[in-house]
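Peer 1: Below is the sequence, then the predicted model.
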Amino acid sequence: MIIGSCQPSIARETVTSMALAVPATPFLKETSLKTSGISLNNPVVFTLVLTLLASLLAVTGFRHELLHWSKSRRAARPAPAPQPAPPVTVSNKPVVEKSLPEPGPRVIEEKAVPSAPAVAEEPVTLAIPGSPTKYRAGEDPEFARRSGWPVTGPAPLPGAILPHKRIVAFYGNPLSWRMGILGKSPKEEMLRQLQEEMARWRAADPSMDIQPALHLIAVTAQTTPGRAGKYRMIMLDEVVTQVYEWAKEAEALLFIDIQTGHDDIRNLLPRFEWILKNPDVHLGIDPEFNLVKSGAVPGTEIGTFDAADVNYVTGYLRDLVRKHNLPPKVLTVHRFTSNGVTNYRDIELTPEIQIVMHMDGWGGPWLKRDSYKRYVVAEPVQYTGFKLFYHNDTKKGDPLMTPEELLRLQPRPLYIQYQ
């Protein structure tokens, strides 16, 4: 997820999977020093013996501290509490082989692909030639108007969330603290933080109701093929059910996010019909990790979805809405590069589905605004979203963008995601 150029140079760090079970404590051998046959009356020998003993004690102390530090790190990683099985039978679902190894999902480092060369100052544009009003990238209402905003689409059906509410979502996976805020903090603390972010948005824009959401990565891209050979891991139903229960506790929506790896979205999406048929469950798809055509290992190249893929997803969800008499579904499509979504003009709008093109990239505020302008505003589909990274956006000293700053964007994003 980040900001990208047309010819990005990708530098990613891949880390090993997070262990859910604490490994056995390393064994420290007892060390003894035998002095038989050595006379300690000799001062030189006695000094050497004392020096050796001191060295051994120092080494033993260091190993003890190292062990303590290692155990502390492992203990700090929360494991998900067991949850009841989902209220459906597995036999009713399409059979999809689950490549779920014991350790849990591997984390592929988030994207940091510059969308433009670094500049000393963020460029600004004049609102109207000769006017003193200036706008930063993504904030110019005239550029948005010329690009086609607001989009003329189907009128919202009863029960539609957009454009009546702004969704504020926490993203991640409870099995890994590196994947986002959803798995970084214990449930109670995480939900409290979500309420705090909602309060900031209410204060910044009192005219808009705020709808909380939890956005779960239910299929995670992997750097190894797994048993299915698909470079993806499908979360167990119990994990999905656990986060769904959290969402209901917070009166929040649940989003199921799919990173396909080498699998096809047409194979994976039916796997989650059991949860998507609920009225408060929605969907997200991540083109970055759709690498079926290229065959590249996730994390080494940036993938893509075509309009045909998006249309399959909206068609599937449309049929689901009609079949179960549901309110419209929200579909978020991650995007941070020019090729992330191809043939955007061919994406078909339907009243049962509300499509959010979601600016999913990290960096400084100017870089994120520039990517929003290039890849979301300049290629309008229906609604817009914007992601904020608590760690990656700020790790180089930049401040996290505030609600007030995001409300200057044109069009204003209606889906805000925190990772």
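Peer 2: It's in. The shown structure was predicted, so the numbers you read here are calculated from the model rather than taken from an experiment.
Peer 1: alpha carbons only for contacts and neighbour counts from here, please
Peer 2: Fine.
Peer 1: For Thr337, what is the enclosing helix or strand?
Peer 2: Using DSSP states H and E, Thr337 is not contained in any helix or strand.
Peer 1: my read: it touches Tyr375, true?
Peer 2: Yes - if you go by C-alpha atoms under 8 Å, Thr337 and Tyr375 touch, sitting 6.5 Å apart.
Peer 1: ok, these two, which is more surrounded?
Peer 2: The residue with more neighbours, out of Thr337 and Tyr375, is Thr337; 31 against 24, by other C-alpha atoms under 10 Å.
Peer 1: just the helices in the chain please.
Peer 2: 43-75, 141-147, 181-184, 187-204, 237-249, 265-268, 273-276, 307-324, 365-372, 403-406 (DSSP state H).
Peer 1: any idea of the mean pLDDT for stretch 176-195?
Peer 2: Mean pLDDT, computed over stretch 176-195, is 94.
Peer 1: Pull out the buried residues from that stretch.
Peer 2: For stretch 176-195, burial by neighbour count (16 or more other C-alpha atoms under 10 Å) applies to 176-185, 187, 190-191, 194.
Peer 1: Read off the pLDDT value for the closest residue to Lys187 other than its chain neighbours.
Peer 2: Distances taken as C-alpha to C-alpha, 6 or more residues apart in numbering place Trp246 nearest to Lys187, at 7.5 Å, with adjacent residues excluded. pLDDT, Trp246: 98.
Peer 1: mind checking the end-to-end distance for stretch 266-273?
Peer 2: 12 Å (C-alpha to C-alpha, to the nearest Å).
Peer 1: Give the partner strands of the longest strand anywhere in the chain in its sheet and their orientations.
Peer 2: If you go by DSSP state E, the chain has its longest strand at strand 209-221. Taking DSSP bridges as the criterion, strand 209-221 forms sheet pairs with strand 165-172 (parallel), strand 232-234 (antiparallel), strand 253-258 (parallel).
Peer 1: Let me see the contact set for the closest residue to Asp264 other than its chain neighbours.
Peer 2: Distances taken as C-alpha to C-alpha, 6+ apart place Val292 nearest to Asp264, at 7.0 Å, with adjacent residues excluded. Neighbouring residues of Val292 by C-alpha atoms under 8 Å, 6 or more residues apart in numbering: 261-264.
Peer 1: Show the backbone phi and psi for Val292.
Peer 2: phi -60, psi -50 (degrees, to the nearest 10).
Peer 1: Could you list the low-confidence segments of the stretch 301-419 of the chain?
Peer 2: In the prediction, the stretch 301-419 of the chain carries no residues with pLDDT under 70.
Peer 1: so where do the strands sit in it?
Peer 2: 305-306, 329-335, 341-342, 353-359, 383-388, 415-418 (DSSP state E, counting those that start in this stretch).
Peer 1: helices or strands next to the third one in the packing?
Peer 2: This means strand 341-342. Secondary-structure packing of strand 341-342 (3 or more C-alpha pairs under 8 Å, 6 or more residues apart in numbering; DSSP states H and E): strand 305-306.
Peer 1: Adjacent strands (with direction) for the strand it packs on?
Peer 2: Here, using DSSP bridges, strand 305-306 pairs with strand 341-342 (parallel).
Peer 1: Please enumerate residues in contact with the partner strand?
Peer 2: 287, 304-307, 335.
Peer 1: so which of those residues comes closest to Ile167?
Peer 2: Checking these against Ile167 by C-alpha to C-alpha gives Arg335 as the nearest, at 17.6 Å.
Peer 1: So the closest one versus Gly364, what's the distance?
Peer 2: From Arg335 to Gly364 the distance is 17 Å (C-alpha to C-alpha).
Peer 1: Could you do His358 as well?
Peer 2: Distance from His358 to Gly364, by C-alpha to C-alpha: 17 Å.
Peer 1: These two - which one has more neighbours?
Peer 2: His358 (28 against 19).
Peer 1: So what sits opposite the more buried one in the bridge?
Peer 2: Bridge pairing for His358 - DSSP bridges - gives His334, Gly385.
Peer 1: tell me the contacts of it?
Peer 2: Counting by C-alpha under 8 Å, 6+ apart, His358 has contacts 332-335, 376, 384-387, 415.
Peer 1: The residue nearest to Ser147 when sequence neighbours are not counted: neighbouring residues, count only.
Peer 2: Leaving aside its sequence neighbours, Ser147 sits nearest to Ala378 (C-alpha to C-alpha, 6+ apart; 5.5 Å). The tally of other residues near Ala378 (other C-alpha under 10 Å) stands at 18.
Peer 1: so Ala378 touches Ala144, yeah?
Peer 2: Yes - Ala378 is within contact range of Ala144, at 7.3 Å (criterion: C-alpha under 8 Å).
Peer 1: The strands paired with strand 209-221: which one's closest to Ile210?
Peer 2: Using C-alpha to C-alpha, the nearest of these to Ile210 is strand 165-172, at 5.0 Å.
Peer 1: Can you tell me what sits against the closest one?
Peer 2: So strand 165-172 is contacted by 179-183, 194, 197-198, 208-217, 413-419 (C-alpha under 8 Å, 6+ apart).
Peer 1: That concludes my questions; thank you for your assistance.
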